[in-house]
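Visitor: please find the sequence and the predicted model below.
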Amino acid sequence: MTKQDVPTDGQALESPPRNSVALGVFLGVASHPRVPFTVVELAGRGITADAAATRWMLEVGKPSLDGLTLANKVIEFGEWEERLIDLWRAFRSGDVETALFETRLAEIVTAMEEWPSDPDGRG
């Protein structure tokens with residue numbers, strides 16, 4: 001999946017500052033005209049969680065974990081990103097109502113904020 005595969009709103013969102021599909025989705029969510037402010041707030045938290053995860057991978061995970069453990073942690077985070085992408089597509093196509101979108105987005109963002117949370121993740 002590349003950032004070109006994820007529909008966003010506005011030309012400025014076509015090229016996020018870094019190669020992050022999640023960032024592109026969160027920016028699209030935050031700028032979508034149909035979402036309430038509470039969803040915009042969740043998108044902001046998601047941007048922060050995505051940046052924190054990247055920082056953790058580089059500063060904590062890479063120097064302290066063996067390759068297999070780190071790879072498993074990255075895959076785990078990627079699964080949350082895939083759920084985010086699927087949810088965003090469903091919302092944009094009208095398959096998910098705003099209230100359900102907000103509930104599911106909150107679950108995803110909370111999981112991303114708590115990642116990594118197990119002892120092997122040292123986070």
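Guide: Great, that's in hand.
Visitor: what sits against the most centrally placed residue in the chain?
Guide: The residue lying closest to the centre of the chain (CA atoms, centre = their mean) is residue 22, at 3.9 Å. For residue 22, the contact set (CB atoms under 8 Å, 6 or more residues apart in numbering) comprises 46, 50, 81, 84, 112. Heads up, the C-betas are built off the backbone N, CA and C, glycines and all.
Visitor: just give the closest residue to residue 83, not the sequence neighbours.
Guide: With sequence-adjacent residues excluded and distances taken as CB to CB, 6 or more residues apart in numbering, residue 83 is closest to residue 108, at 5.5 Å.
Visitor: now name the helix or strand holding the one you found.
Guide: If you go by DSSP states H and E, residue 108 is part of helix 98-114.
Visitor: point out where the chain drops to low pLDDT.
Guide: 1-19, 117-123 (pLDDT under 70).
Visitor: longest single helix anywhere in it?
Guide: helix 67-93 (DSSP state H).
Visitor: who does that one touch, helix- and strand-wise?
Guide: Counting contacts by 3 or more CB pairs under 8 Å, 6 or more residues apart in numbering; DSSP states H and E, helix 67-93 packs against helix 21-31, helix 98-114.
Visitor: the longest one packs against which elements?
Guide: Which is helix 98-114. On a contact count with 3+ CB pairs under 8 Å, 6+ apart, helix 98-114 meets helix 37-56, helix 67-93.
Visitor: turn these into JSON lines, columns for distance to residue 102 and mean neighbour count.
Guide: Putting the helices and strands packed on helix 98-114 into JSON lines (distance: least, CB to CB, whole Å; neighbours: other CB atoms under 10 Å) gives the following:
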{"stretch": "helix 37-56", "distance to residue 102": "5", "mean neighbour count": "17"}
{"stretch": "helix 67-93", "distance to residue 102": "10", "mean neighbour count": "16"}
